[in-house]
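Trainee: Here you go, sequence then predicted model.
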Amino acid sequence: MKALAKILALAVVASLAASPAFAAGGHEPEKHDWSFNGILGSYDKPALRRGYQVYMEVCSFCHGVEFIAFRNLIDMGLTEDEAKAAAEAVQIEDGPDDQGLMFMRAGRLSDRIPPPFPNENAARAANGGALPPDLSLMTKARPFGPDYVYALLTGYEQAPDDVEIAPGMNYNPFYSGEQIAMFEPLFDGAVFFEDGTEATIEQMAEDITQFLMWTAEPKLDDRKRMGLGVMIFLVILTGMFIAVKRRVWADVH
Amino acid sequence: MADSQDHEHNKMQLKGVMGWVEYRLPWVNLLNNAVGTNYPTPRNLNYWWNFGSLAGLALVIEILTGVVLNMHYVPTAEGAFASVERIMRDVNFGWLIRYVHANGASVFFAVIYLHMFRSFYYGSYKNPRELVWWLGLIIFFLMIITAFTGYVLPWGQMSFWAATVITNLASAVPVVGTDIVQWLWGDFSVGGSLLGRFNSLHYALPVAIVGVAVIHMWALHEHRSNNPLGIEVKGPQDTLPFHPYFTAKDLVGVGVFLLVLAGLVFYAPNILGEPDNYVPANPLQTPNHIVPEWYLLPFYAILRAVPDKLGGVIAMGGSIIILFAVPWLDTSKVRSAKFRPIYKQFFWLFVIDTLILGVVGANAPEGNWIIIGQLATFYYFFHFIVILPVLGWIESPKPLPDSISTSVLGDKKSPEPAE
Ligand code: HEM
């Protein structure tokens, strides 16, 4: 049944090609060579730190990362002191206290990074009616994931003459519909990296994408490390099963 | 009787605690008759007969991971999405359990489709195995409902909108349609009330599947497995004991199955999912494409091939119901496609047709996809209603071998079991 193998291979290709991911609205983003790609891939720790800085100093004014707590930043690569300092820098509403009143206190490691706006209406009011989405899962929530986020952040350009840009909108060929309410968030030197890396648009886009991949898939390093061990084990196990089967069947052929 | 002799034999062999238990509850004997040395199996079974045991393994994996997931899952519209993210981030190995469960469902369906196509190719559904086939179809139907309700649980955009589209199908029923939809929802819209009952069904149905699978194998054991030649077992020279021959062969399948599953889980855990399902459900924003998981795409294509809603529902239901009639629609006395040169070609055409339906289901119903979907849907039914019966009448099958053993052992140059 060799024909079957061929047909099945074809089917896999056909169904992948048919996946709606490939019918996304905007331009197809270029493939990027991320450190976390591939079987042995893992996060680039210095890039994560820089990406976190870009998030805090640029994106966090409009976008939350609701699933990330300050304690998670330690797994990401901050020291415990750094994470504590980051937590203490924000004020968190807590309560009710003994009198039944809500009160503000400094953040703790167990707190989530607070969102920039208290609710959707406030977010829209501050953004000309548009809603800046939460970014924690962004790199898994769009076709092409991290490649898309990078392309979006670096893809702003002058609108072609035949395209009419609605008021408050910006031209970006990678966004579905090609007009996005977010103005270009990055510009050269928008942040200052302590490790000496030059803060070009591409560099910051790369680092924030790395950080957003981590917020979406914080266990990726664990997963790939464990995967390698499991695969090696299963290859040996399957090899043993094949050997046993041959032994058992040797006398009946 | 062979069985009771064997029983006596075991009783004498097993001393001590094992013997004490065996005398009262002969479970070793039961296993021995079911998958042991006392279950004669056609010696020529090829690897296409591995998928039954693999389906059983997949079912066990799904139930074990599912039970753990449900310990942490919150079945409310407000809590579901965040609880899944908690599983991914804060529950020990939660990411592993969830990815195994999600990808395990895909691999389970792949295994079941191969199991079913095996039955088509080798005519396994024919007399006297019609009820084995029927019980399989009941499992298949339960699996579809289980998978669909499971897809809704994470309460992402695809969950919400798939639930909306599919439950709305009930509104196609004349007169009482809307009432049925609201009864299903338990509300005037898709929301937490529907999510709660879907969670309940998603937990209960796999237990029912286990039950039906046991009966499936009970029926199978009465007349035992068909084989690639499709001819009857004539005597002991045609069979081998299940253990160790087929336990060893099944284990090879288990190894490959686990490799495929692990490959997905560790290196491409989201490749079969929809990115939109990582966006929390939003009743105010309809996604561009609402698609089911890949394994339901052919049925989705059939649903949309008929322009009328009720007609679409009937076609989709009919595409499964017609499978129950296949043992009688296929009028050929010869089981295996190996000896049916014309049927063999139509078998492959049918495989291609279902693949085309899958591709159509993944694409928005516009332009050429509409007509391709309608042609492929037509051919799906044409295959069963016209081709199967007519072929049985007009095709002249190749001569069948005298017995399994002469076919397998006669020609020493090709020691592998026949295809
Ligand atoms: C939970 C799902 C299922 C389990 C655990 C299961 C299990 C099994 C097992 C262990 C066998 C014997 C080994 C083999 O022939 O591969 C078998 C045979 C069979 N199954 Fe299933 N099965 C399942 C679903 C189905 C479905 C969905 C169908 C088709 C609608 C089906 C149709 C058959 C038929 C016709 C046979 C007899 C095959 C032959 O003897 O050639 N099964 N099943």
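Mentor: Now that the structure is in, tell me what you want to look at. Numbers count the residues shown, from 1 in each chain, chains lettered A, B, ... in the order given.
Trainee: Setting the sequence-adjacent residues aside, check what's closest to the residue most central in space within chain B.
Mentor: In chain B, the C-alpha nearest the mean C-alpha coordinate belongs to B:I112, at 3.1 Å (Cα atoms, centre = their mean). Spatial nearest neighbour of B:I112, excluding adjacent residues (Cβ to Cβ, 6 or more residues apart in numbering or on different chains): B:A55 at 5.8 Å. The way it works is simple: take the backbone N, C-alpha and C, and place the C-beta from them, glycine included.
Trainee: can you tell me which residues contact that neighbour?
Mentor: B:108, B:111-112, B:115, B:213 (Cβ atoms under 8 Å, 6 or more residues apart in numbering or on different chains).
Trainee: repeat for A:I201
Mentor: A:I201 touches A:153-154, A:186-188, counting by Cβ under 8 Å, 6+ apart.
Trainee: How about it: what's its closest non-neighbour residue?
Mentor: Per Cβ to Cβ, 6+ apart, closest to A:I201 is A:L186, 4.8 Å.
Trainee: Against A:E57, how distant is that neighbour?
Mentor: Distance, A:L186 to A:E57, by Cβ to Cβ, to the nearest Å: 11 Å.
Trainee: ok, the two, which is more surrounded?
Mentor: Using other Cβ atoms under 10 Å in any protein chain shown as the criterion, A:L186 and A:E57 rank with A:L186 on top: 21 against 13.
Trainee: List the contacts of that one.
Mentor: Going by Cβ under 8 Å, 6+ apart, A:L186 touches A:54, A:58, A:153-154, A:201, A:204-205.
Trainee: Same question for B:L297.
Mentor: A:15, B:291, B:357-362 are the contacts of B:L297 under Cβ under 8 Å, 6+ apart.
Trainee: make it 7 Å
Mentor: Counting by Cβ atoms under 7 Å, 6 or more residues apart in numbering or on different chains, B:L297 touches B:358, B:361-362.
Trainee: Now tabulate those residues in TSV and tack on secondary structure.
Mentor: Shown next, in TSV, are these (DSSP: H, G, I helix; E, B strand; the rest coil):
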residue	secondary structure
B:G358	helix
B:G361	helix
B:A362	helix
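Trainee: Which ones, among those, also lie beside chain A?
Mentor: Restricting those to those touching chain A (Cβ under 7 Å from any Cβ of the partner chain) yields B:358, B:362.
Trainee: name the element the closest residue to B:G196 other than its chain neighbours belongs to?
Mentor: In this structure, B:G196 finds its nearest non-sequential neighbour in B:P75, 5.2 Å apart by Cβ to Cβ, 6+ apart. Assigned by DSSP states H and E, B:P75 belongs to no helix or strand.
Trainee: quick one on the thing from earlier: list just the nearest of the contacts of A:L186 to A:G177.
Mentor: A:L153 (17.1 Å; Cβ to Cβ).
Trainee: Return the list of helices and strands in contact with the helix or strand where that closest one lies.
Mentor: Under the criterion of DSSP H and E, A:L153 resides in helix A:145-154. Judged by 3 or more Cβ pairs under 7 Å, 6 or more residues apart in numbering or on different chains; DSSP states H and E, helix A:145-154 is in contact with helix A:201-216.
Trainee: Buried residues in the next helix or strand after the helix it packs on, which are they?
Mentor: Per DSSP H and E, the first helix or strand lying C-terminal to helix A:201-216 is helix A:220-249. For helix A:220-249, the neighbour count (16 or more other Cβ atoms under 10 Å in any protein chain shown) marks A:220-221, A:223-224, A:226-227, A:230-231, A:234, A:238, A:241, A:244-245, A:248-249 as buried.
Trainee: just to revisit the earlier point, secondary structure element for the residue nearest to the centre of chain B, which one?
Mentor: Per DSSP H and E: helix B:94-122 holds B:I112.
Trainee: what's the angle from that helix to helix A:220-249?
Mentor: Here helix B:94-122 points in a direction 40 degrees away from that of helix A:220-249 (axes from the mean of the first three to the mean of the last three Cα atoms, to 10 degrees).
Trainee: wait, does helix B:94-122 make contact with the ligand?
Mentor: Yes. With Cβ under 6 Å from any ligand atom as the criterion, the ligand is reached by helix B:94-122 at B:112, B:115-116, B:119, B:122.
Trainee: and if you look at stretch B:330-339?
Mentor: No. Stretch B:330-339 stays clear of the ligand (Cβ under 6 Å from any ligand atom), getting no nearer than 8.6 Å.
Trainee: is that stretch up against chain A anywhere?
Mentor: No. Stretch B:330-339 stays out of contact with chain A when judged by Cβ under 7 Å from any Cβ, the minimum separation being 10.3 Å.
Trainee: neighbouring contacts of that stretch?
Mentor: For stretch B:330-339, contacts defined as Cβ under 7 Å, 6+ apart pick out B:121-123, B:126, B:226, B:228-230, B:340, B:343-344, B:347, B:388-389, B:391-393, B:395, B:397-398, B:400, B:419.
Trainee: Pick out whichever of the contacts of A:L186 sits closest to B:D276.
Mentor: So of the contacts of A:L186, ranked by how close each gets to B:D276 (Cβ to Cβ), first place is A:L153, at 20.9 Å.
Trainee: What's the local residue count around B:F242?
Mentor: If you count neighbours by other Cβ under 10 Å, B:F242 ends up with 23.
Trainee: and if you look at B:G373?
Mentor: B:G373 has 25 nearby residues by other Cβ under 10 Å.
Trainee: And B:V265, by the same measure?
Mentor: Residues near B:V265, counting by other Cβ under 10 Å: 24.
Trainee: so when I look at it, I'm seeing a helix, right?
Mentor: Yes. Counting by three-state DSSP, B:V265 is found in a helix.
Trainee: so it touches B:V100, yeah?
Mentor: Yes. When contacts are counted by Cβ atoms under 7 Å, B:V265 is listed as touching B:V100 (5.5 Å).
Trainee: Quickly note the distance from B:Y151 to chain A.
Mentor: 15 Å (Cβ to the nearest Cβ, to the nearest Å).
Trainee: Hmm, B:E293 and that residue touching each other?
Mentor: Yes. Between B:Y151 and B:E293 there is a contact under Cβ under 7 Å: 6.0 Å.
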